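Trainee: based on what follows, work out the 3D shape:
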Amino acid sequence: MWDFTLDELLLGVLGAVLVMAIVVAVCWLLLKSGNRSAAKFKSENPDTATIWIAQRKFWGVKIQKADGNRVKSFQNGMTDGSGGTYILPGEHVLTLKHIHADPAVNKKPEYKKQRISTMKVSLVRGKEYTLASYLS
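Mentor: All right, here's what the predicted structure looks like:
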């Protein structure tokens, strides 16, 4: 049987709470930093097209690259995963990463083959688009 004093238990709980608070704070700062970068890109390029990401119950999608370059994405919050991506108008090849909420699905070989995909798009200046993920 464990023999901890009350002081040791309180220090352990406080330490765990502190570690969780630091992790949440770092995630929040990274989210805000990405959103600021996307907002700056949008202000410098007001004619960009916006691609909104529509997450489904278990499926999600993320635009990783456009024409091999990193994209400027923003998120509405840490918990829902919704947000969007700003891309300059014109013809582009998007690299998409599909995500499933169940880690067991993500590890299946047949799913890994489909996880990364590409698609060609033609974006119009200032127009908004919606992207949703459906893998079979």
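Trainee: C-alpha from now on. contacts and neighbour counts both.
Mentor: OK.
Trainee: who touches stretch 103-115?
Mentor: The contact list for stretch 103-115 (C-alpha atoms under 8 Å, 6 or more residues apart in numbering) reads 97-100, 135.
Trainee: in the strand of greatest length in the chain, what counts as buried?
Mentor: In the chain, taking DSSP state E as the definition, the longest strand is strand 90-100. By neighbour count on 16 or more other C-alpha atoms under 10 Å, the buried set for strand 90-100 is 92, 94-100.
Trainee: what two of these are the furthest from one another?
Mentor: H92 and H100 (25.3 Å; C-alpha to C-alpha).
Trainee: circling back: now, which of the contacts of stretch 103-115 sits nearest Q64?
Mentor: Nearest to Q64 among the contacts of stretch 103-115, with distances taken as C-alpha to C-alpha, is K97, at 6.6 Å.
Trainee: contact partners for the residue lying closest to T48 once chain neighbours are set aside?
Mentor: Of all residues not flanking T48 in the chain, L88 sits nearest, at 4.5 Å (C-alpha to C-alpha, 6 or more residues apart in numbering). Going by C-alpha under 8 Å, 6+ apart, L88 touches 45, 47-49, 123, 125.
Trainee: list the buried residues of stretch 107-124.
Mentor: 111, 115-116, 123-124.
Trainee: could you do stretch 59-70 as well?
Mentor: Under 16+ other C-alpha under 10 Å, the buried positions of stretch 59-70 are 59-66.
Trainee: please tell me how far stretch 10-22 is from the chain's geometric centre.
Mentor: 27 Å (C-alpha atoms, centre = their mean, to the nearest Å).
Trainee: remind me, longest helix of the protein?
Mentor: Longest helix of the chain, by residue count under DSSP state H: helix 6-44.
Trainee: give me the low-pLDDT residue ranges for this protein?
Mentor: Low-confidence segments of the chain, defined by pLDDT under 70, span residues 1, 57-58, 77-81, 133-136.
Trainee: next helix or strand past the one helix or strand Y111 maps to?
Mentor: Using DSSP states H and E, Y111 sits within helix 109-114. Going down the chain from helix 109-114, the next helix or strand is strand 116-123, by DSSP H and E.
Trainee: got the CA positions of that next one in PDB?
Mentor: Output of strand 116-123 as PDB, limited to C-alpha atoms (Å, rounded to 0.1, in the frame of the first residue of the first chain):
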ATOM      1  CA  ILE A 116      -3.100  12.100 -48.100                       C
ATOM      2  CA  SER A 117      -4.800  13.200 -51.300                       C
ATOM      3  CA  THR A 118      -4.500  16.000 -53.800                       C
ATOM      4  CA  MET A 119      -7.100  18.000 -55.700                       C
ATOM      5  CA  LYS A 120      -7.000  20.700 -58.400                       C
ATOM      6  CA  VAL A 121      -9.000  23.800 -57.700                       C
ATOM      7  CA  SER A 122      -9.700  27.000 -59.500                       C
ATOM      8  CA  LEU A 123     -10.300  29.800 -57.000                       C
END
